[in-house]
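In: fold the stuff below for me.
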Amino acid sequence: MTERFELVEKALVKMLEEKKYATLREILLTMNPQDIAAVFNSLQEHRIPLMFRLLPKELAAETFVEMEPDDQELLIRGFSDNELKEVLDELYVDDAVDIVEEMPANVVRRILSQVDPEMRKSINQILRYPESSAGAWMTTEYVSLRPEMTVEESILRIRRQGVDKETIYTCYVTKDRTLLGIVTVKDLLLAEDDEMSIRDLMETDIISVTTHTDQEEVARLFSKYDFLALPVVDKENRMVGIVTVDDAIDVMEEEATEDIELMGGMLPSENTYLRSSVWELFKNRIPWLLLLMVSATFTGMIITSFESALAAQVALTAFIPMLMGTGGNSGSQSSVTVIRALSLGELKFADLPRVLWKEIRTSVLCGVVLAVVCFGKIWLVDRMLLGNEDITWLIDAVVCLALLVTVVTAKIVGAVLPMVAKVIKLDPAVMASPFITTIVDALSLLVYFLFAKAMLPI
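Out: Next comes the predicted model:
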């Protein structure tokens with residue numbers, strides 16, 4: 001599919017260069033807005049307005065929503081007031097909010113001056129909510145029905161209002177804005193009697209969120225219940241808006257990206273990789289690198305404090321990288337597993353004893369297998385094959401016992417730290433690979449040298 005799209009993309013760019021506008025327009029009419037927006041990403045800036053003006057009004061608005069903020073700003077600055085108003089009139093409120101949030105202040109003022117008063121009010125309302133809350137992701141465009149309406153009246157209302165709503169499949173039954181129930185278009189179409197009232201048809205067991213519910217919790221509800229839309233209410237259970245599944249998917253992608261970046265040891269980025277400047281990448285990466293570099297000082301201090309032990313048994317030095325690497329990998333495995341379970345709502349802090357018991361048993365099994373294999377490898381490869389006569393049975397035993405304890409310790413640390421982070425209101429992903437690896441490195445060296453001092457003539 002990627003290769004096919006690249007061929008189409010090159011063909012469209014060539015048509016634009018050769019000024020075959022009629023043919024280009026016909027092809028664009030057959031494409032999805034997302035694919036057209038991807039084509040704009042590869043165009044030179046001066047060609048973007050030209051191709052955009054070939055699109056019909058509705059398709060142009062849908063494509064505009066999918067474009068990168070830089071390209072959107074370029075078009076807005078080149079639009080006349082009438083052109084800007086035509087595009088904005090076709091947008092849903094939540095899409096308009098997304099665009100406003102990405103634009104500089106002078107562009108925002110121009111956008112707000114061109115939207116109708118009702119949309120301007122809705123945009124300002126949504127912008128007041130915290131960035132990562134349900135209120136910030138919702139749209140105020142939904143179909144509301146009254147409980148005393150009949151099925152026939154409801155279908156007529158949907159036909160009249162639905163064209164401007166983001167979704168019409170799920171309708172919300174309200175009275176004085178208070179949410180009473182929900183009814184789907186399927187329920188209306190399959191109703192036995194057109195005169196049946198909505199009160200008798202609606203579902204009153206409603207799952208809803210408040211305007212300040214965290215976006216992660218919203219995404220979790222969509223994943224758990226397979227919703228197409230989720231009602232957003234205020235503290236008095238008055239209907240404020242809805243979050244639709246496409247926005248929930250965006251939240252999931254945003255949260256997953258943020259977790260991956262944190263687990264990789266860098267601050268989350270607001271832009272895609274290719275659109276991030278070198279300076280932005282530097283700012284996102286350098287804080288963690290500095291922190292981890294300084295924290296690695298503890299590892300150096302441990303090695304220095306056992307310098308006499310290393311001098312007496314030089315063979316111990318060769319196994320330090322293996323111990324530190326295995327410990328870091330073991331801790332990362334546990335942390336990633338626990339972080340995923342926390343993000344999906346499968347774990348809470350009360351489950352810590354069960355998690356510990358499970359990780360201890362798992363780590364013992366892993367540690368025993370690794371220690372046995374390591375014992376044979378050291379004796380057969382390092383001593384017999386490579387001829388390192390300094391390696392004795394006792395040194396082999398020290399390395400393998402230290403490895404076993406390191407693996408158990410690393411997996412416990414990797415499981416506990418993300419759960420503690422969750423309790424103290426930190427993102428558990430912060431406790432992933434780089435952070436845990438640094439802690440485990442220090443612990444593995446400490447365990448290793450304590451075993452060496454206890455078992456070897458040092």
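
In: okay, now the unreliable bits of the chain?
Out: 1-2, 261-275, 295, 309-312, 430-434, 458 (pLDDT under 70).

In: how about the strands in it?
Out: In order along the chain, the chain carries the following strands (DSSP state E): 144-145, 170-175, 178-184, 209-210, 229-233, 239-244.

In: of the ones you listed, which is nearest residue 5?
Out: strand 239-244 (26.2 Å; Cβ to Cβ). For glycine as for every other residue, the C-beta is placed from the backbone atoms N, C-alpha and C.

In: what helices or strands is that closest one leaning on?
Out: Judged by 3 or more Cβ pairs under 8 Å, 6 or more residues apart in numbering; DSSP states H and E, strand 239-244 is in contact with helix 134-137, strand 170-175, strand 229-233.

In: who's in contact with the second one?
Out: Spelled out, that is strand 170-175. 142-147, 154, 158, 179-185, 188, 198-199, 202, 228-229, 231, 239, 242 (Cβ atoms under 8 Å, 6 or more residues apart in numbering).

In: now the helices and strands packed on strand 239-244 as JSON lines including mean neighbour count and distance to residue 217?
Out: Shown next, in JSON lines, are those (neighbours: other Cβ atoms under 10 Å; distance: least, Cβ to Cβ, whole Å):
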{"stretch": "helix 134-137", "mean neighbour count": "26", "distance to residue 217": "8"}
{"stretch": "strand 170-175", "mean neighbour count": "21", "distance to residue 217": "19"}
{"stretch": "strand 229-233", "mean neighbour count": "25", "distance to residue 217": "10"}
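
In: okay, those in CSV with distance to residue 114 next?
Out: CSV is the format used below for the helices and strands packed on strand 239-244 (distance: least, Cβ to Cβ, whole Å):
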stretch, distance to residue 114
helix 134-137, 22
strand 170-175, 30
strand 229-233, 27
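
In: which among these is found nearest to residue 290?
Out: Among the helices and strands packed on strand 239-244, helix 134-137 comes nearest to residue 290, with 31.9 Å by Cβ to Cβ.

In: what is that closest one packed up against?
Out: Using 3+ Cβ pairs under 8 Å, 6+ apart: helix 134-137 touches helix 117-127, helix 215-225, strand 229-233, strand 239-244, helix 245-263.

In: how far does the first one sit from its chain's centre?
Out: The gap between the average C-alpha position of helix 117-127 and the chain average comes to 27 Å, counting by Cα atoms, centre = their mean, to the nearest Å.

In: separate out the buried members of the contacts of strand 170-175.
Out: 142-143, 145-147, 154, 158, 179-185, 188, 198-199, 202, 229, 231, 239, 242 (16 or more other Cβ atoms under 10 Å).

In: would you format the strands of the chain as JSON lines with distance to residue 80 included?
Out: Listed next are the strands of the chain as JSON lines, based on distance: least, Cβ to Cβ, whole Å:
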{"stretch": "strand 144-145", "distance to residue 80": "36"}
{"stretch": "strand 170-175", "distance to residue 80": "38"}
{"stretch": "strand 178-184", "distance to residue 80": "42"}
{"stretch": "strand 209-210", "distance to residue 80": "40"}
{"stretch": "strand 229-233", "distance to residue 80": "35"}
{"stretch": "strand 239-244", "distance to residue 80": "31"}
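
In: residue boundaries of the helices in the stretch 51-200 of the chain?
Out: Using DSSP state H, counting those that start in this stretch, the helices found in the stretch 51-200 of the chain span residues 57-66, 69-78, 81-89, 93-102, 105-114, 117-127, 134-137, 151-161, 185-189, 198-201.

In: okay, the ones you listed, which one's buried deepest?
Out: Comparing those by mean neighbour count (mean count of other Cβ atoms under 10 Å), helix 134-137 ranks first with a mean of 26.

In: and the contacts of it?
Out: Contacts of helix 134-137 (Cβ under 8 Å, 6+ apart): 94, 97, 126-130, 209-215, 218, 230, 232, 240-241, 243, 247-248, 250-251.

In: ok, 6 Å please
Out: 129, 209, 211, 213, 218, 232, 243, 247 (Cβ atoms under 6 Å, 6 or more residues apart in numbering).

In: out of the strands of the chain, which is closest to residue 31?
Out: The minimum distance between residue 31 and the strands of the chain falls on strand 239-244, with 22.8 Å, by Cβ to Cβ.

In: quick one: contacts of that closest one?
Out: Identification of contacts with strand 239-244 by Cβ under 6 Å, 6+ apart yields 134, 137-140, 142, 166-167, 172, 174, 177, 179, 211, 218, 229-234.

In: need the contact partners of stretch 332-344.
Out: The contact list for stretch 332-344, computed with Cβ under 6 Å, 6+ apart, reads 347, 359, 411, 414-415, 418, 422, 428-429, 432-433, 436.

In: now swap in stretch 84-94 and tell me
Out: 57-58, 61, 64, 114-115, 122, 139-141, 166.

In: since that was my last question, I'll sign off now.
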